[in-house]
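*Asks:* What follows is a protein structure lacking sequence information:
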C-alpha cells in the first residue's frame, strides 16, 4: 500500500471519529435543551389557568430541534460515507431525542387547547343554572 493510501485511510478514520463526536455532541446538546422534568411537574400557580400557562411555558423544546437536526445531518453524512463501524447506538439515541421532542410538542398542543378552553368553560359554568334574580314567584 502506498503512503498516500495510508494517509488517506488515516485521514478518513480521523474524519469518521470527528463526525461521530459531532453527532454525539449535538445529541448531548439536544438532551440538555429539553425542559427539566421538574419544570413540567411542579407549579406554584394559584389556579388551573395559571398551571396551564406555566406548563405551556415549560413545554418548550428550546434549541433541541436545531441540535437534533445537526446530529441527523452529520449522522446521515457519516452513514452514506460508510464512516461508522457501528452506528446503532447513535441511531437509537437520535430516535429517542426525536420521540422526546415529539412528546413535548404533543403535550404543548394539548395544553394550548386546554388553555383556550378552560376560561370559556368557566364562563359557561358561571352563567349556567337558574337565574339568581328569578325567585320563582310567577
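*Replies:* Perfect, thanks for sending it. Remember, it's a predicted structure, so these values are computed and weren't measured experimentally.
*Asks:* Find the residue at the geometric middle of this structure.
*Replies:* By CA atoms, centre = their mean, the mean C-alpha position of the chain lies nearest to residue 101, the distance being 2.3 Å.
*Asks:* Next one: the nearest residue to it once chain neighbours are set aside from residue 38, what distance?
*Replies:* Of all residues not flanking residue 101 in the chain, residue 61 sits nearest, at 5.0 Å (CB to CB, 6 or more residues apart in numbering). (Glycine included, C-beta is placed from N, CA and C.) As for residue 61, its distance to residue 38 is 16 Å (criterion: CB to CB, to the nearest Å).
*Asks:* helix or strand for the closest residue to residue 119 other than its chain neighbours, which one?
*Replies:* In space, residue 119 comes closest to residue 49 once its chain neighbours are excluded; the distance is 6.4 Å by CB to CB, 6+ apart. Assigned by DSSP states H and E, residue 49 falls within helix 48-58.
*Asks:* What residues of that helix count as buried?
*Replies:* Along helix 48-58, these residues count as buried under the neighbour rule (16 or more other CB atoms under 10 Å): 51, 52, 54, 55, 56, 58.
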